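>>> Quick one, fold the following:
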Amino acid sequence: MMRRLIVLCLSSLVFVSVDAKPRKAINDFSHLGSGETVVVGRVEVVPPLSEHDQRLRGPMSKKYRNTLFLIIDDEYRELTEEPGWGDFKGRIDAPLGEEFIVQSSSEPFYVIAGMVVLTIDRGGTDNAYFPGGLKADIRPGDKAVYIGTIRYHRNEFFEITDAEIVDDYDRVKTEFEARLGRKYPLRKSLLSLVP
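Residues are numbered from 1 along each chain as shown. Okay, the predicted model is just below:
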């Protein structure tokens, strides 16, 4: 189905860098420039994270709670090691189980991998990684694109047992129009597997 990235909970010093800015969440079209698109999607983990799955301490814990960081790139590549600081530039901060609405260039992009921070404490961090291998087909002239829901199925060890792209366009379109209006139509272009 999807290319598998070995899912590990590894001790690491990888934090999502404050300097590596994510794609900006938006609530209206007023800041959308020429050559930019609004991208709408969702990430779900089944079963969902429980309060015991994440042990987060410190001032940044709220930022990491119940959030999956989608590592994005303009060109396809496979991660062969843990992501570094630069991999998080242009990421999508996806609150689990909720739509994200972010500003992006009107160019295709690739989901390289996902990461959830499980533990932050004095001993370091533990992260769970999720497979990527997906392409978002954004076209020049697009102003609003729905890419679908990435639904990851996991076991208690955070091993991914299945992954799928779910189409919930009708509901999302209605909510999108209620929130941002009808200035630009929301085009459906679901994420696809990289061949």
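
>>> Please report the distance of residue 126 from residue 65.
Separation of residue 126 from residue 65 (Cβ to Cβ, to the nearest Å): 14 Å. Any C-beta I mention is one placed from the backbone N, CA and C, and that applies to glycine too.

>>> more neighbours, those two?
Set side by side, residue 126 and residue 65 show unequal neighbour counts under other Cβ atoms under 10 Å, the larger going to residue 126 at 19 against 15.

>>> Could you confirm that one falls within a strand?
Yes: when classified by DSSP: H, G, I helix; E, B strand; the rest coil, residue 126 is found to be part of a strand.

>>> That one contacts residue 118, correct?
Yes: proximity of residue 126 to residue 118 meets the contact threshold set by Cβ atoms under 8 Å, at 4.5 Å.

>>> which ones are touching residue 113?
5, 70-71, 79, 83, 129-132 (Cβ atoms under 8 Å, 6 or more residues apart in numbering).

>>> Residue 174: which of those residues is nearest?
Ranking the contacts of residue 113 by separation from residue 174, with Cβ to Cβ as the measure, puts residue 70 on top at 24.1 Å.

>>> which stretches of this structure form strands?
Assignment of strands within the chain using DSSP state E yields the ranges 9-12, 36-46, 55-56, 67-73, 92-95, 99-105, 109-121, 124-136, 144-154, 160-166, 187-188, 192-193.

>>> now what about the longest helix belonging to the chain, what contacts it?
In the chain, assigned by DSSP state H, the helix with the most residues is helix 169-180. Taking Cβ under 8 Å, 6+ apart as the criterion, the residues outside helix 169-180 that touch it are 27-29, 38, 40, 42, 99, 101, 144, 146, 148, 186, 188.
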